[in-house]
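Novice: I'll drop the sequence and a predicted model, then ask my questions.
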Amino acid sequence: MMRARTEIAAEQAAHWVVQLSADDPAERERARAGYAAWKAADPLHATTAADMEILLAQLSAVRAPAGGDHRPARAALAAIAPRRQRLRQLAAASAVAVLVIGSAMLASERPAYLLADLRSPTGQWRTHTLADGSRLTLGSDSAVNVHFSAGERHVELVRGDILVDVAKDAQRPFFVDSGQAAIRALGTRFTVRRDDDATILSMLESKVSAQVPQHPASIVQAGQRARITRDGVGPLTAIDAASVQEAWRAHQLVVDDQPLAEVLDELARHRPGQLHYDRAQIAGIRVAAVLPLDDTDKALQLLIDNFPQLRIRMLTRYLVMVDAPASALAKNKQK
């Protein structure tokens, strides 16, 4: 368990370091306050921050940028309080890979998210009008690259999810590339979500053609949803297109008989810090609800109101613990 906690802490600390190097001064200021609160929430966080100072110093000694900008690294170092204890080697190694993101020391190794043409921070939605008049709405913590040429229009979904309104242009087809599938717009309005192992396509108006390399293309019509993996386009399921559009407009999560762990997974994407829960303990709880994604504190409160066996402890704004002690006690009695 401790090993898992250290890995999680390393990833979170690295995420804060990235935020400390944001282009926008207001975002950097919010990141400093959030990072300070995160460190204060758990001694392990402060320990992780100290190890990052050591790792950044070592990286700087090995390869300083020729005339480069040290500001992101300095911002991270300034926010880190010195501590002596080291993390396990594996956690430290995983942190190094992400730490170099926030500095200009190894710019060529920045992840695709930081280099993306369009991005939306955690808990925020952003709408952009592209050069051809098409509109992209980026969900929380999402990023895309836009590649337009005289013959084609390509949007690369780097991470997260997008709502696409395609402007008509008979001379230039419009594609969304999720890394797992190429989606060619034959209509106007759809959503695409990129998960680790699948692309989720929801068709709202007209239709699209979805194709995975070495598999035949599939047509997805309005009112249909497809889960696309490297094995191809999965079975099509029916959706209420109007409800999906309304959920995007109102920043809502609509779930119908979905495992609580999956609901918490989605809420965690829309809030800073850590939302911690034991998947095994809450495995028997299923949810049907409409939850606000732009107010995850309220969403958690709604879960408490509807599931009295749940306990949600907000240790800080950035560290929330969810468990079901009543359910665990009942299971123990049955044994």
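Specialist: Great, that's in hand.
Novice: so which residues of the stretch 201-335 of the chain form helices?
Specialist: Shown for the stretch 201-335 of the chain, the helices assigned by DSSP state H, counting those that start in this stretch span residues 241-250, 260-269, 296-306, 325-334.
Novice: those helices: which one's closest to Ile228?
Specialist: In terms of Cβ to Cβ, the element of those nearest to Ile228 is helix 241-250, at 16.9 Å. Using the backbone N, CA and C atoms, a C-beta is placed for each residue, glycine as well.
Novice: for that closest one, packing partners?
Specialist: For helix 241-250, the elements it packs on are strand 189-194, strand 199-205, strand 252-259, judged by 3 or more Cβ pairs under 8 Å, 6 or more residues apart in numbering; DSSP states H and E.
Novice: hmm, who's touching the second one?
Specialist: Taking contacts as Cβ atoms under 8 Å, 6 or more residues apart in numbering, the residues outside strand 199-205 that touch it are 157, 161, 178-181, 183, 187-193, 208, 210, 220-229, 239, 241, 244-245.
Novice: the residues you listed in strands, which ones?
Specialist: Judged by DSSP state E, those include 157, 161, 183, 189-193, 208, 210, 220-221, 224-229 as members of strands.
Novice: just how off-centre is stretch 247-256 within its chain?
Specialist: Computed by Cα atoms, centre = their mean, to the nearest Å, the chain-centroid distance of stretch 247-256 equals 16 Å.
Novice: straight-line length of that stretch, end to end?
Specialist: End-to-end distance of stretch 247-256 (Cα to Cα, to the nearest Å): 13 Å.
Novice: make 58 the starting number, not 1.
Specialist: Fine by me, first position is 58 from now on; the one you just mentioned is stretch 304-313.
Novice: name the residues of that stretch that are buried.
Specialist: For stretch 304-313, a neighbour-count test (16 or more other Cβ atoms under 10 Å) marks 304-305, 308-310, 312 as buried.
Novice: got JSON lines for those, with pLDDT and distance to His327 too?
Specialist: Compiled in JSON lines, the buried residues of stretch 304-313 are given as follows (pLDDT from 0 to 100; distance: Cβ to Cβ, whole Å):
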{"residue": "Ala304", "pLDDT": "95", "distance to His327": "13"}
{"residue": "Trp305", "pLDDT": "96", "distance to His327": "13"}
{"residue": "His308", "pLDDT": "95", "distance to His327": "8"}
{"residue": "Gln309", "pLDDT": "95", "distance to His327": "11"}
{"residue": "Leu310", "pLDDT": "95", "distance to His327": "8"}
{"residue": "Val312", "pLDDT": "92", "distance to His327": "14"}
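Novice: tell me the one among these nearest to Ser177.
Specialist: Nearest to Ser177 among the buried residues of stretch 304-313: His308, at 11.7 Å, using Cβ to Cβ.
Novice: torsion angles phi and psi at the closest one?
Specialist: phi 60, psi 60 (degrees, to the nearest 10).
Novice: what is the neighbour count of Gly291?
Specialist: By other Cβ atoms under 10 Å, the residues close to Gly291 number 14.
Novice: residues contacting the residue lying closest to it once chain neighbours are set aside?
Specialist: Sequence neighbours aside, Arg284 is the residue nearest to Gly291 in space, at 4.3 Å (criterion: Cβ to Cβ, 6 or more residues apart in numbering). When contacts are counted by Cβ under 8 Å, 6+ apart, Arg284 touches 255-257, 291.
Novice: which among the residues you listed end up buried?
Specialist: Listed as buried from the contacts of Arg284 are 255-257; burial here means 16+ other Cβ under 10 Å.
Novice: I'd like those written out as a markdown table, with distance to Arg176 added.
Specialist: Shown next, in a markdown table, are the buried ones among the contacts of Arg284 (distance: Cβ to Cβ, whole Å):
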| residue | distance to Arg176 |
| --- | --- |
| Ala255 | 22 |
| Thr256 | 19 |
| Ile257 | 20 |
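Novice: rebuild those as CSV, extending it with pLDDT and distance to Asp81.
Specialist: Listed next are the buried ones among the contacts of Arg284 as CSV, based on pLDDT from 0 to 100; distance: Cβ to Cβ, whole Å:
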residue, pLDDT, distance to Asp81
Ala255, 93, 32
Thr256, 95, 30
Ile257, 95, 30
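Novice: which stretch of helix or strand covers His102?
Specialist: Element membership for His102 (DSSP states H and E) is helix 100-119.
Novice: average pLDDT across that helix?
Specialist: The pLDDT scores in helix 100-119 average 63.
Novice: same question for stretch 199-218.
Specialist: What stretch 199-218 shows for mean pLDDT is 94.
Novice: equivalent analysis for stretch 321-340, please.
Specialist: Confidence for stretch 321-340, expressed as mean pLDDT, is 89.
Novice: closest one of the contacts of Arg284 to Gln338?
Specialist: Closest to Gln338 out of the contacts of Arg284 is Ala255 (25.9 Å), distances taken as Cβ to Cβ.
Novice: and Ala295, how many residues sit next to it?
Specialist: 8.
Novice: wait, it touches Gln281, no?
Specialist: Yes - Ala295 is in contact with Gln281 according to Cβ atoms under 8 Å; the separation is 6.6 Å.
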